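> make a model of this:
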Amino acid sequence: MPKVNLDTATRLDIVCRKGDSFLLELDFGKEMPAVNVPADNFDGSYAFKVRASTTSDTAVGDFSVNVTDSADGETNHVVRVEASTLNMTTNIEAGLYVYDLQVTDRGSDDPAPTYIYDQVDGADRTVTLLYGTFKIVDDVNA
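Got it, this is the predicted structure:
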């Protein structure tokens, strides 16, 4: 029987240490929607959420997401997820969590929209890029 799988997210389990700075750099091998860069006609937004479970409404920690150029000079290829040492010490407890990384691609209307991901039914498209477990290992110094 034929089937279609629209779930293109990749599972990536993450293990990090409480009290250490968190930096995850991901090169998806293609240009990604930039974060608030009007010159590129993108207004992409990213959400990296860590939660106790898939049904929890409360996010754990505070992670920022930015888009940068790759080491070989490719524009907007690297997605950087970061959290400070202070955040990883005071705002998060050791344990096993779940996470996902989503991008919403919003094209600018002026001068013309530019989308990495096609719109769906005339609206911005949200795509889950990664998901998995997020394990935080306790640390003596944290």
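> ranges for the helices of this structure?
With helices called from DSSP state H, the chain shows them at 85-90.
> all strands for it, in order.
For the chain, the strands defined by DSSP state E cover 10-11, 14-17, 22-27, 45-51, 64-68, 78-83, 95-105, 125-137.
> tell me the mean pLDDT for the second one?
This points to strand 14-17. On average, the pLDDT along strand 14-17 is 97.
> picking up where we left off before, and the strands of the chain as JSON lines, adding distance to residue 4 and mean neighbour count?
Just so you know, the C-beta spots here come from the backbone N, C-alpha and C atoms, and that holds for glycine as well. Putting the strands of the chain into JSON lines (distance: least, C-beta to C-beta, whole Å; neighbours: other C-beta atoms under 10 Å) gives the following:
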{"stretch": "strand 10-11", "distance to residue 4": "18", "mean neighbour count": "10"}
{"stretch": "strand 14-17", "distance to residue 4": "29", "mean neighbour count": "15"}
{"stretch": "strand 22-27", "distance to residue 4": "26", "mean neighbour count": "15"}
{"stretch": "strand 45-51", "distance to residue 4": "25", "mean neighbour count": "18"}
{"stretch": "strand 64-68", "distance to residue 4": "29", "mean neighbour count": "17"}
{"stretch": "strand 78-83", "distance to residue 4": "27", "mean neighbour count": "18"}
{"stretch": "strand 95-105", "distance to residue 4": "21", "mean neighbour count": "18"}
{"stretch": "strand 125-137", "distance to residue 4": "16", "mean neighbour count": "17"}
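> quick one: pLDDT of residue 108?
At residue 108, the pLDDT value in this model is 49.
> report pLDDT for the residue positioned nearest the centre of the chain.
The centre of the chain sits closest to residue 101, judged by C-alpha atoms, centre = their mean, with a distance of 3.5 Å. Residue 101 carries a pLDDT value of 95.
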